[in-house]
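1. how does the following fold in three dimensions:
(one chain, ligands or ions: 1)
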Amino acid sequence: MQDSSAGISCRALTKTWPGGVHAVAGFDADFAAGQTTALIGPSGCGKSTLLRLVAGLDLPDGGQVRINGLDPAHQRRRGAISIAFQDPSLLPWLSAAQNVALAQKLARQHADPGKVAHLLRLVGLEGFAATRPAALSGGMRQRAAIARALVTAPQVLLLDEPFGAVDELTRRQLAQDLPPLWQAQGTTALLVTHSLAEAVWLADRILVLSPRPARIIADIAVPLPRPRRPGLADSPAFRRIEAEARAALSAPASACP
Ligand SMILES: Nc1ncnc2c1ncn2[C@@H]1O[C@H](COP(=O)(O)OP(=O)(O)OP(=O)(O)O)[C@@H](O)[C@H]1O
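-> Below you'll find the predicted structure:
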C-alpha cells in the first residue's frame, strides 16, 4: 500500500486538441485527499481529456496539475496513480490474473497472489483468473481492468466509465463492493459516469460540467452515509441530490460562465 493519500489540484488547465478543439479551458479545481468525486457532463465536453491530464498521459497547453504537490507523470511512474478507462488495455498474452499481478510489479510492489485472487473474486472473475483477455467478454475485461487498477492500493484512482460495458446486476454489485475498498485505503478517486444515480451512489462530491470546453457549472456535496446501504437510492436525500445534479446538467448552456 502507498504511504498516504494524495490531493489533486488543477490550476487554469487548458487543452486544445489538434484541429482546434477546445476540450478544456481554464479549468480550476481541488480534490481533497481520500475523497471520491464524480464528473458528469454532456458527451464530448472534455471529461476524458481532464482525466488524461490528471493522469499525466497528456500535457496541458496551459496551467498545471499537481498530485500531492508533484507532477502527475512522475506520480504515475512511481505507481501512485491507477487508471481504468472505458477501453481496457490488457496485455493479450497474459491471463487475467497475470495482467492484475503485472500492475503490482510495475509499481515495484511485492507480488501478492492472494490479493490478486481476492480482487478477481470481488469483481466476479474468480473462475477466469487463467483466462486471456481475448476469451473474456467486454464487461469482463473492464472488470479485470478495475481489479488491476485497485491491486496497487493507489493514492489516486481515475475511472472513466468503469462499468460502461458491465450488466446492470453486476454493476450494482461492483458499486456496492468496490468503493469501500478504495475508501478504506484513503484513495483519492475521480470517476466519469453518465449515470446520475451512479454518481450519487459512488461519490462524496459531484462536479457537473458544461458543454465543451469543460467548466464547472455545479459543485454538489453528497453527504450520504457510508457504506452505502441497499435502499439508500430510494431515500428522499438521495433523490434530492440526484434531482439537483439533473437540473444543473439540463440547464441551458448559456448559463455557463
Ligand atoms: N486525442 C484527441 N485528438 C483530437 N481530439 C480529441 C482527442 N481526444 C478528445 N478529443 C476531442 O476533445 C473533445 C472532448 O473529448 P473527451 O473524450 O474528453 O470528452 P468526454 O466528455 O469524455 O466525452 P464522452 O462523454 O462522450 O466520453 C471531443 O470533441 C473530442 O473529439
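2. alpha carbons only for contacts and neighbour counts from here, please
-> OK.
3. list the buried ones in the lowest-mean-pLDDT helix or strand in the chain?
-> Least confident helix or strand, the chain: helix 168-184 with a mean of 87, by mean pLDDT, DSSP states H and E. By 16 or more other C-alpha atoms under 10 Å, the buried positions in helix 168-184 come out as 171, 174-176, 178-179, 182-183.
4. check those against the ligand, which are close?
-> Among these, proximity to the ligand is found for none (C-alpha under 6 Å from any ligand atom).
5. redo those residues as JSON lines? Include distance to residue 138.
-> As requested, the buried residues of helix 168-184 are exported to JSON lines (distance: C-alpha to C-alpha, whole Å):
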{"residue": "171", "distance to residue 138": "13"}
{"residue": "174", "distance to residue 138": "16"}
{"residue": "175", "distance to residue 138": "18"}
{"residue": "176", "distance to residue 138": "21"}
{"residue": "178", "distance to residue 138": "19"}
{"residue": "179", "distance to residue 138": "22"}
{"residue": "182", "distance to residue 138": "23"}
{"residue": "183", "distance to residue 138": "26"}
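6. what's in contact with stretch 201-216?
-> 22-27, 35-47, 175, 179, 199-200, 217-224, 228, 233, 245, 248-249, 253, 256-257 (C-alpha atoms under 8 Å, 6 or more residues apart in numbering).
7. let's see that with 7 Å instead.
-> 22-25, 27, 35-42, 44-46, 175, 179, 199, 217-223, 245, 248-249, 253, 256 (C-alpha atoms under 7 Å, 6 or more residues apart in numbering).
8. from those, which land in strands?
-> Among the contacts of stretch 201-216, DSSP state E puts 22-25, 27, 36-40, 217-221 in strands.
9. what subset of the residues you listed is buried?
-> Among those, those classed as buried by 16+ other C-alpha under 10 Å are 22-25, 27, 36-40, 217-218, 220.
10. secondary structure class of residue 83, three-state.
-> In three-state terms, and counting by DSSP: H, G, I helix; E, B strand; the rest coil, residue 83 is strand.
11. my read: it touches residue 160, true?
-> No: under the criterion of C-alpha atoms under 7 Å, residue 83 makes no contact with residue 160, lying 8.0 Å away.
12. the ligand contacts on the protein?
-> So far as C-alpha under 6 Å from any ligand atom goes, the chain lies against the ligand at 17-18, 21, 23, 43-49.
13. dump the residues you listed into CSV; add pLDDT and distance to residue 140 as well.
-> Output for those, formatted as CSV (pLDDT from 0 to 100; distance: C-alpha to C-alpha, whole Å):
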residue, pLDDT, distance to residue 140
17, 93, 32
18, 90, 34
21, 91, 33
23, 92, 30
43, 91, 24
44, 91, 26
45, 91, 28
46, 93, 26
47, 94, 24
48, 93, 21
49, 95, 25
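14. which of those residues sits closest to residue 145?
-> Of all the residues of the chain next to the ligand, residue 48 has the smallest distance to residue 145: 16.7 Å, by C-alpha to C-alpha.
15. what about residue 99, distance to the ligand?
-> Residue 99 is 25 Å from the ligand, where distance means C-alpha to the nearest ligand atom, to the nearest Å.
16. what of residue 236?
-> Residue 236 is 28 Å from the ligand, by C-alpha to the nearest ligand atom.
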